[in-house]
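*Asks:* Could you work out the structure for the sequence below:
(chains A and B)
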Amino acid sequence: MNSRGRWYRRGLLAGVALLAMLGLAAAVGLGAEDAAKNATVAESSAQKTDDKVHITLQTVPPRKAVVKWGSKTLGVIPVPRPLVVVRPRDSGPLDLVVRAAGFLPVHTRAYTFSDSRVAIKLTPVSEKNTLFGYRAEVPPEGAASPDAGATPPAAAPPPAPAPVPQR
Amino acid sequence: MKSALQSTVLASLAFWVGCDVRGVASLPPPQTASAAATATVAPANKPPAPAAPAPAAASKAPAPPGPSPLPDADRALVVRDGQESWTSATGAARSGYTIIDLGDDWTPYIFEEHRGADGQSMPNRYRRVFLGLANDTLDEDGEPLPAGEKNYLELYGIPPSLGVLRARFLEDEKQSCHQGANLAAMEAVETVGYVAPEKVKEEEKRIAHLRGDLESARKKANVQTLTELAGKDPKLEPKVKLVERRTAEKLAMTEVERRLACEGMFKHGGKHSAGVYDDAMRLAVRRFQQKHMIYESNYLRQKTMDALARPPLANDQEALVRVLRERVVAATGVVEDGSAEGKTGPPTYTGANGRSLLVRNLVEEMTQAAVEQLGLTSPEAALAFFQRHSAADLRHLRAAVRLPALPEYYGSNMDLSIVIDRGEVWYDLPWDAAGVRHAQPRKRYPSFHVYVKYKEQRIPLTRWRTTIGGWRAEQASDGYEYFRYKGSDVGPRVIRNVVAGPVWIAPESTPIRTLVKTKTVNGLWQRMVNYDELGPGFLSAYGLIAGYLVVPGKDGKPDWDNGIRAHGSSEYLSMYSSEGYSHGCHRLPNHLAIRLYSFILRHRSMRILGDQPTNIARQFLLGDDVFEIRVPSRGYQYLLEPPLPIDVLEGEIKGTLKKPILTYVPKPGVRYPGPPPAVPSSAEGRAGGASPGRSAGGDDEGGAP
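*Replies:* Residues are numbered from 1 along each chain as shown, chains lettered A, B, ... in the order given. Below you'll find the model as predicted:
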């Protein structure tokens, strides 16, 4: 391929990439401002600037989810594609809340040190008891285990201490 | 590039012509050793000889320096005969001057950005946040600070920049917080007693009633004053004193409220009711204590009252000296702060010449020498300094000062060691079956000692209060909280890894309620993971820097890590109160931990490993929301080669139990779904830990049920 052909091919690829980014931004439901940012991303990438980072958000299992950053809705994760958020590099973390119908809301954080991918695990409301921190209900009064609420062994001799590992 | 080239050329030039560069000050060589450096033991408890005399007279304000032909990178301020001028930092350093970085872009050594052997930069993630906090531009999460907001984090190891202090001086010069103040009312009391808000009216009634009774008795006794009454009838003396104290405290409280309001301290505490020590008042006092680095609980105790009675500029001057102290310590790499002194005065050692020498308080010697040479010895002089130096001037300001020589035991590879004495230790439960707390008094508290071995002598350099573990609340695998004794290991250990901006990976035993906080995010008040607790940050469980205590592995086996660290902490009351304990770690106030590890890293062989990226994510449930902890880095790592020896002494075991209980103990009065689960044994499970209802300062330390 001659030089002119190579440049033509590069230009075509860049155009396709730009259109794809614009299309993706529109498809994932970002606002006009964010779509414009994504358009900028394509240009920025071409110019290899280091002042922006791309944060790619996706849900596991893949479900459509709204991503909020405080009062601002950053967008909707348009499964199966991710939502890409562009932020200035080193501009501080983003504390996000991700909500999907039928699942518990997830509070997570994304960082702006470098490009990153955040996979947010969603838990169905019905499986709440599988999460750490879930507290089983205490049996009703009178039905508790004999050990429940045991008094501290202040007066009784303490349990034999477990051997402390030493080398 | 151009600037670097200029810098190199100027540095070379400085080398060839001595320390002079055309158009800048010519510096005489500094004295090689101060009188103190060679002082023999004084016969009595005499303090070390004073530092070298200051060239600038304190009363004479230096004239502003003229424009400098030097590039910023090689420009240092010098004050001679009361005259400020610029000199070449490179040349001055070659001539034995110490260059003190006074710039707004200064961080302690531990947060500096180093370069690897390949010349590549090794960035420190927390540096940006540290600078933002010191300059009042970022909050603890690294997000922009709202305009006009102040951080006041000196108490937690982040001193304000000189730019921030400049603004404080200029602002305080204009305000009138001290004018018209009833100083007599402030000075009449040492403290103001705390009365719970809901009991204020009741207490007022009680005092009014008491006063009425005493007045009747006074009339009956036919005396003029209540004091005379007390003299005549000693039985009434306690009641008279109580009434007089409450009257004096009420007047003082009015003055305190006025002063706190004038300094803008009520900004965040909600509505305050006059005369009541309500939450707004407590927060205002805490903010004032943070601003002035006062290590006291959030009440009107003596140091707080003293600072409230001082003119604002006098407090600013004290802040400036404290800020300079950390800069001087960073520039000189010293750690001796006089804390090793005993009742008989400073410790001694035998020098190379066979004479007995004192261990000097180098931190104060050096700081005072710098303050005097820069002519910053009074609030007026400091104000004048900030008036003649613009904010832009301070951004990269450095100063050349002549400091006393270091002791002969100093070197690039000092034989350092640490001893931690656990003091008096209680293993007994601090409460009974009914949940009633029982005192476990201690006369000897845990202490942290740094030594250097020199000519077969072990020389004590510092002696600081620290913590050992005690009874703490912990979340078990059944989702319920129990108490667990989190002790501190005894015996020889080493510190191999030191981490700046460490991250504490909260184990599953951490009470979940401590892992969530609320904050305004993008205009919305919302709940989020409490990254303050995890770090990196000044509120982190590991503070701003941590050394990891391990038993070194032998025969190719890895080190044994039981989760005990020696780290900085913002919970200063856990170190300074009688009931303070940790989760097993040995805590130091953040600023001392920074000094300690900066000193160790600069005076021992070590390797910089830099940022330790990770990709840890963990979810937990609170209510109907899932919170996800995401940790991108474990911190910035330094490797001590060889590791630093540390010995933890058992101390004196008090009480009945001579060994700690190692299982969970149910909280009195709490109903549980079954017997307590087994305790976790991971290192992270042992280490650090969030305190229930914890706040900076550690008001809630102590693990009471």
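
*Asks:* C-alpha from now on. contacts and neighbour counts both.
*Replies:* OK.

*Asks:* Residues contacting whichever strand in chain A runs longest, please?
*Replies:* Looking across chain A with DSSP state E, the single longest strand is strand A:52-60. The contact list for strand A:52-60 (Cα atoms under 8 Å, 6 or more residues apart in numbering or on different chains) reads A:65, A:77, A:79, A:81-89, A:110, A:112-122.

*Asks:* Alpha carbons of that strand, as PDB, please.
*Replies:* Extracted as PDB, the C-alpha positions of strand A:52-60 are listed here (Å, rounded to 0.1, in the frame of the first residue of the first chain):
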ATOM      1  CA  LYS A  52      -8.200  12.500  31.600                       C
ATOM      2  CA  VAL A  53      -9.000   9.000  32.800                       C
ATOM      3  CA  HIS A  54     -11.700   6.600  31.600                       C
ATOM      4  CA  ILE A  55     -13.700   4.700  34.200                       C
ATOM      5  CA  THR A  56     -15.500   1.800  32.800                       C
ATOM      6  CA  LEU A  57     -18.500   0.700  34.900                       C
ATOM      7  CA  GLN A  58     -20.300  -2.600  34.400                       C
ATOM      8  CA  THR A  59     -22.600  -4.800  36.500                       C
ATOM      9  CA  VAL A  60     -22.300  -8.500  37.500                       C
END
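
*Asks:* Identify each buried residue in that strand, please.
*Replies:* The neighbour-count check on strand A:52-60 (16 or more other Cα atoms under 10 Å in any protein chain shown) flags A:52-59 as buried.

*Asks:* Might you report the residue contacts of B:Val240?
*Replies:* Residues counted as contacts of B:Val240 (Cα under 8 Å, 6+ apart) are B:214, B:226-227, B:230.

*Asks:* got a pLDDT number for it?
*Replies:* On pLDDT, B:Val240 comes in at 91.

*Asks:* Quick check: phi and psi at it.
*Replies:* The phi and psi values for B:Val240, taken as degrees, to the nearest 10, are phi -60, psi -40.

*Asks:* And the pLDDT for B:Asp647?
*Replies:* With respect to pLDDT, B:Asp647 scores 98.

*Asks:* Tell me if I am right that it is in a strand.
*Replies:* Yes - the assignment for B:Asp647 (DSSP: H, G, I helix; E, B strand; the rest coil) places it in a strand.

*Asks:* Going along the chain, name the strands of chain A.
*Replies:* Secondary structure of chain A (DSSP E): strands located at A:52-60, A:65-69, A:72-77, A:83-88, A:94-99, A:106-110, A:116-121.

*Asks:* cool, the stretch 401-550 of chain B as well?
*Replies:* Secondary structure of the stretch 401-550 of chain B (DSSP state E, counting those that start in this stretch): strands at B:415-421, B:424-426, B:447-454, B:457-465, B:471-475, B:481-485, B:491-500, B:516-521, B:524-529, B:545-551.

*Asks:* What of the stretch 201-350 of chain B?
*Replies:* Assigned by DSSP E, counting those that start in this stretch, the strands in the stretch 201-350 of chain B fall at B:348-350.

*Asks:* Contacts for the helix or strand containing B:Met186 next, please.
*Replies:* Per DSSP states H and E: B:Met186 is located in helix B:183-187. With contacts defined as Cα under 8 Å, 6+ apart, helix B:183-187 is touched by B:248, B:251-252, B:255-256, B:305, B:309.

*Asks:* got the buried residues for it?
*Replies:* B:185-186.

*Asks:* Tell me which helix or strand comes right after the lowest-mean-pLDDT helix or strand in chain B.
*Replies:* The helix or strand of chain B with the poorest confidence is helix B:2-16; it has a mean of 37 (mean pLDDT, DSSP states H and E). Downstream of helix B:2-16, the next assigned helix or strand under DSSP H and E is strand B:75-80.

*Asks:* So what would you say the end-to-end distance of stretch B:166-180 is?
*Replies:* In stretch B:166-180, first residue to last residue: 25 Å (Cα to Cα, to the nearest Å).

*Asks:* mind listing what's buried in it?
*Replies:* Neighbour counts over stretch B:166-180 (16+ other Cα under 10 Å) mark B:166, B:168-169, B:172, B:177-178 as buried.

*Asks:* From the chain's centroid, how far away is that stretch?
*Replies:* How far stretch B:166-180 lies from its chain's middle: 25 Å, per Cα atoms, centre = their mean, to the nearest Å.

*Asks:* that older thread, now the buried residues of stretch B:166-180 as CSV including distance to B:Ala76 and secondary structure?
*Replies:* Putting the buried residues of stretch B:166-180 into CSV (distance: Cα to Cα, whole Å; DSSP: H, G, I helix; E, B strand; the rest coil) gives the following:
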residue, distance to B:Ala76, secondary structure
B:Arg166, 19, helix
B:Arg168, 24, helix
B:Phe169, 23, helix
B:Asp172, 28, helix
B:Cys177, 36, coil
B:His178, 36, coil
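
*Asks:* How is chain A partitioned into domains?
*Replies:* A:1-49, A:50-138 (automatic domain parsing).

*Asks:* Least confident of those domains, on average?
*Replies:* The weakest mean pLDDT among these belongs to domain A:1-49, with a mean of 39.

*Asks:* picking that back up, now for the contacts of B:Val240, which pair is the farthest apart?
*Replies:* Distances among the contacts of B:Val240 were taken as Cα to Cα; the most separated pair is B:Leu214 and B:Thr227, at 10.5 Å.

*Asks:* ok, the two, which is more surrounded?
*Replies:* B:Leu214 (20 against 16; other Cα atoms under 10 Å in any protein chain shown).

*Asks:* do you know how far the more buried one is from A:Leu131?
*Replies:* 65 Å.

*Asks:* Likewise for B:Ala261?
*Replies:* Note on B:Ala261: its distance to A:Leu131, by Cα to Cα, is 47 Å.

*Asks:* Same question for B:Asp478.
*Replies:* Going from B:Asp478 to A:Leu131 by Cα to Cα gives 12 Å.

*Asks:* same question, B:Asp213
*Replies:* Note on B:Asp213: its distance to A:Leu131, by Cα to Cα, is 64 Å.
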